[in-house]
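Chemist: structure for the following, please:
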Amino acid sequence: MAKWTNIGSVDDFPPGCQVCLEPGTQPLVVFNLDGKLIAASNTCPHAGLPVGEGELAGVVLTCPFHGYAFNLETGANVDAPDTEAPLTMFPIRQTADGKVTVDLAPEP
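Modeler: You can find the predicted model right below:
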């Protein structure tokens, strides 16, 4: 069952942003890539370290600790998509009144 949680207003996530936050107990990193909002876990599936401060190149986020790279459109590990755990991605939306919400309990 969806659990849509308010994480701010659209103005909090301007184009090009990479914002780390923790609504409730879920560490997230939110990106605005050319006007498209993307929300991902701020926990690298490789070692559990924060991935949100990593380098962004296009739609690829590279973990600053071990260099694992993830496609932010799919969550897949870029180097080994079939064998390495993906980055957890969360549905994100902008409401009519300009708020940004994330589903912290997405269905698999």
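Chemist: could you use CA atoms for every contact and neighbour count after this?
Modeler: Will do.
Chemist: model confidence for the residue most central in space within the chain, exactly?
Modeler: The centre of the chain sits closest to Ala40, judged by C-alpha atoms, centre = their mean, with a distance of 1.8 Å. For Ala40, the pLDDT comes out at 98.
Chemist: phi first, then psi, for it.
Modeler: Backbone torsions for Ala40, taken as degrees, to the nearest 10, come to phi -140, psi 160.
Chemist: for it, give me its contacts.
Modeler: When contacts are counted by C-alpha atoms under 8 Å, 6 or more residues apart in numbering, Ala40 is found next to Leu28, Val29, Val30, Leu72, Gly75, Leu87, Thr88, Met89, Phe90.
Chemist: top of the residues you listed by neighbour count?
Modeler: Within these, Leu28 tops the neighbour count with 25 neighbours, counted by other C-alpha atoms under 10 Å.
Chemist: doesn't Gln18 make contact with it?
Modeler: No. Leu28 is not in contact with Gln18 according to C-alpha atoms under 8 Å; the separation is 10.3 Å.
Chemist: in this structure, which residue sits furthest out from the middle?
Modeler: Within the chain, Asp97 marks the point farthest from the mean C-alpha position, 22.3 Å out by C-alpha atoms, centre = their mean.
Chemist: how close does that residue sit to Val29?
Modeler: 22 Å (C-alpha to C-alpha, to the nearest Å).
Chemist: over to Val60?
Modeler: Taking C-alpha to C-alpha as the measure, Val60 and Val29 are separated by 13 Å.
Chemist: tell me where the model's unsure across the chain.
Modeler: The model of the chain has pLDDT under 70 over residues 108.
Chemist: can you give me the strands for this structure?
Modeler: Taking DSSP state E as the criterion, the chain carries its strands at 4-9, 18-21, 28-33, 36-41, 55-57, 60-62, 69-71, 89-90, 92-94, 99-103.
Chemist: perfect, that will be all.
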